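S.K.: Just a sequence and a predicted model for now, questions to come.
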Amino acid sequence: MTAVGHAGLPPAGSSGGRPATVAEFVADLEHAARAGAGPTRIDPVDLTEAAAAAARCAATGRGDVGAVAARMGGAAAAMTTLDLPPAATEPVSWAGFGALIPVLSGSPGAGASVVAAAIADTLQLAGRCVLLIDAADPARSGLAAAAEAEGPWTSTLTPDLALRYSWRGQALLARLESRLPVITPGMVPPPPQWLPEVDPLHVTVVDVGHDGWRAAASPLAGAGGWLRFGTPAQRPLLVVRPTRPSLRHAEQVLARLEPWVAAGAATFPYQLVVVGAKRWPAGVVGAAGRRLEPMTETAVFLPHDDDVLVAGVTPELLPDRLLDALAPLLTRWNLLPPPASRSRKGPR
């Protein structure tokens, strides 16, 4: 195993020879990622992820590990420099997205992808022009099978990152494509880069993806950028399971986001959505902390569905019982007409 250098800079190891320890090897890879980022500072967690991905390449004997780390560092830096506002508290404009609904996971496996797909399906059946954005790492996406086929339209952002647009029924689905081994939250393109030339675009639904804890770390760049305070105000959803551990996780996500909200840089979630139940099980709500507890009183429940549990989100639109559970919320937000004027017939 040889030491890793990049762009003429010495590795972090002792004197340019073989790393003597695992720590030195990882430090060399982090050095390569920093070199790839150039003068742009990237999130330390993204730096660690880049080193870990490169180390896996070394373990499998695939590719130049230093080059992999450098490319990941460069991709994170490139996303950081795109479309950032000059001040943290300056509102951004969401005007081009129509009504914007970011869907944030409150705990691992909460079901945010199902909620995002269900909202998009409900709206497209009502004749709304919908953009469904999948900001997750493609390897871990809950919407990986949401389209019948990969669409032919792409937007290249860097040599290693692109956006591909496909159809889910009548909704446009935008997903990340990459030749890199991992997409970290900091490598997610900022919101303006996702906007296609669609007019009119009535609603944009975003599956923020990644761990909600990481996404809430900063609304200034990466996946957390969808939570950035702007006008017209977006309506973020926080998704949980009907369990005490899920509520405890979600409380910590809100705690991490709270300072940004107080500073005027981020928007607090508008609505709590509970996946896999029709009501709160006995004894669960008591696990909600002071930030989450008020949201539990107005929570929207998405009932359990055996087929969705087994298959996840497929190209078929989600079952009516899931869409019906979200319809009252979307009606209150004036995104759907009243029930009496809605038709259940659509591109199913």
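M.R.: The structure has been received and is ready for your questions.

S.K.: buried sites along stretch 164-173?
M.R.: 164-166, 168-173 (16 or more other Cβ atoms under 10 Å). Quick note: C-beta positions are derived from backbone N, CA and C, even for glycine.

S.K.: closest to residue 180 among these?
M.R.: residue 164 (15.1 Å; Cβ to Cβ).

S.K.: so where is the stretch 201-348 of the chain shaky, pLDDT-wise?
M.R.: 340-348 (pLDDT under 70).

S.K.: and the nearest residue to residue 266 once chain neighbours are set aside, how many neighbours does it have?
M.R.: In this structure, residue 266 finds its nearest non-sequential neighbour in residue 260, 3.7 Å apart by Cβ to Cβ, 6 or more residues apart in numbering. Using other Cβ atoms under 10 Å, residue 260 has 23 neighbouring residues.

S.K.: tell me which element the spatially closest residue to residue 234 that is not a sequence neighbour is part of?
M.R.: Distances taken as Cβ to Cβ, 6+ apart place residue 100 nearest to residue 234, at 3.8 Å, with adjacent residues excluded. If you go by DSSP states H and E, residue 100 is part of strand 99-105.

S.K.: Next, the angle strand 99-105 makes with the helix or strand just after that strand.
M.R.: Per DSSP H and E, the first helix or strand lying C-terminal to strand 99-105 is helix 112-125. In terms of direction (axes from the mean of the first three to the mean of the last three Cα atoms, to 10 degrees), helix 112-125 departs from strand 99-105 by 160 degrees.

S.K.: Give me the contacts around the following helix or strand past helix 112-125.
M.R.: As assigned by DSSP H and E, the chain's next helix or strand after helix 112-125 is strand 130-134. Strand 130-134 is contacted by residues 97-98, 113, 116-117, 120, 123-124, 141, 143, 146, 168, 170-176, 194-196, 198, 201-207, 209 when judged by Cβ atoms under 8 Å, 6 or more residues apart in numbering.

S.K.: Now residue 149. Nearest residue, chain neighbours left out?
M.R.: residue 166 (6.8 Å).

S.K.: strands paired with the strand holding residue 100, and their directions?
M.R.: strand 203-207 (parallel), strand 237-240 (parallel) (DSSP bridges).

S.K.: As TSV, these with mean neighbour count and distance to residue 318 would be great.
M.R.: Below are the strands paired with strand 99-105 laid out as TSV (neighbours: other Cβ atoms under 10 Å; distance: least, Cβ to Cβ, whole Å):
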stretch	mean neighbour count	distance to residue 318
strand 203-207	28	13
strand 237-240	28	15
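
S.K.: Next, format those as a markdown table and append distance to residue 272.
M.R.: Listed next are those as a markdown table, based on distance: least, Cβ to Cβ, whole Å:
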| stretch | distance to residue 272 |
| --- | --- |
| strand 203-207 | 17 |
| strand 237-240 | 5 |
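
S.K.: After the helix ranked longest in the chain, which helix or strand is next?
M.R.: As assigned by DSSP state H, the longest helix anywhere in the chain is helix 244-262. Later in the chain than helix 244-262, the nearest helix or strand by DSSP H and E is strand 271-275.

S.K.: before we move on, the earlier item: list the contacts for the residue nearest to residue 266?
M.R.: Applying Cβ under 8 Å, 6+ apart, the residues near residue 260 are 216, 218-219, 227, 266.

S.K.: Equivalent analysis for residue 274, please.
M.R.: Contacts of residue 274 (Cβ under 8 Å, 6+ apart): 239-242, 280, 299-302.

S.K.: Kindly recompute the last result at 6 Å.
M.R.: 240, 242, 299, 301 (Cβ atoms under 6 Å, 6 or more residues apart in numbering).

S.K.: Show me which of those is closest to residue 23.
M.R.: Once Cβ to Cβ is applied, the member of the contacts of residue 274 that ends up nearest residue 23 is residue 240, at 37.3 Å.

S.K.: just checking, that closest one touches residue 246?
M.R.: Yes - the pair residue 240 / residue 246 is scored as a contact, 4.5 Å apart, by Cβ atoms under 6 Å.

S.K.: Switch the buried residues of stretch 164-173 over to JSON lines; also include pLDDT, secondary structure and distance to residue 307.
M.R.: Output for these, formatted as JSON lines (pLDDT from 0 to 100; DSSP: H, G, I helix; E, B strand; the rest coil; distance: Cβ to Cβ, whole Å):
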{"residue": "164", "pLDDT": "95", "secondary structure": "strand", "distance to residue 307": "27"}
{"residue": "165", "pLDDT": "96", "secondary structure": "strand", "distance to residue 307": "27"}
{"residue": "166", "pLDDT": "96", "secondary structure": "strand", "distance to residue 307": "22"}
{"residue": "168", "pLDDT": "96", "secondary structure": "strand", "distance to residue 307": "17"}
{"residue": "169", "pLDDT": "94", "secondary structure": "coil", "distance to residue 307": "17"}
{"residue": "170", "pLDDT": "94", "secondary structure": "coil", "distance to residue 307": "22"}
{"residue": "171", "pLDDT": "96", "secondary structure": "strand", "distance to residue 307": "20"}
{"residue": "172", "pLDDT": "96", "secondary structure": "strand", "distance to residue 307": "25"}
{"residue": "173", "pLDDT": "97", "secondary structure": "strand", "distance to residue 307": "20"}
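
S.K.: which residues in this structure form helices?
M.R.: 22-37, 44-60, 65-80, 112-125, 212-215, 244-262, 293-296, 306-311, 320-332.

S.K.: Quick check: the gap between the residue nearest the centre of the chain and residue 279.
M.R.: Nearest to the geometric centre of the chain sits residue 208, at 2.1 Å (Cα atoms, centre = their mean). Plainly put, residue 208 is 26 Å away from residue 279 if you go by Cβ to Cβ, to the nearest Å.
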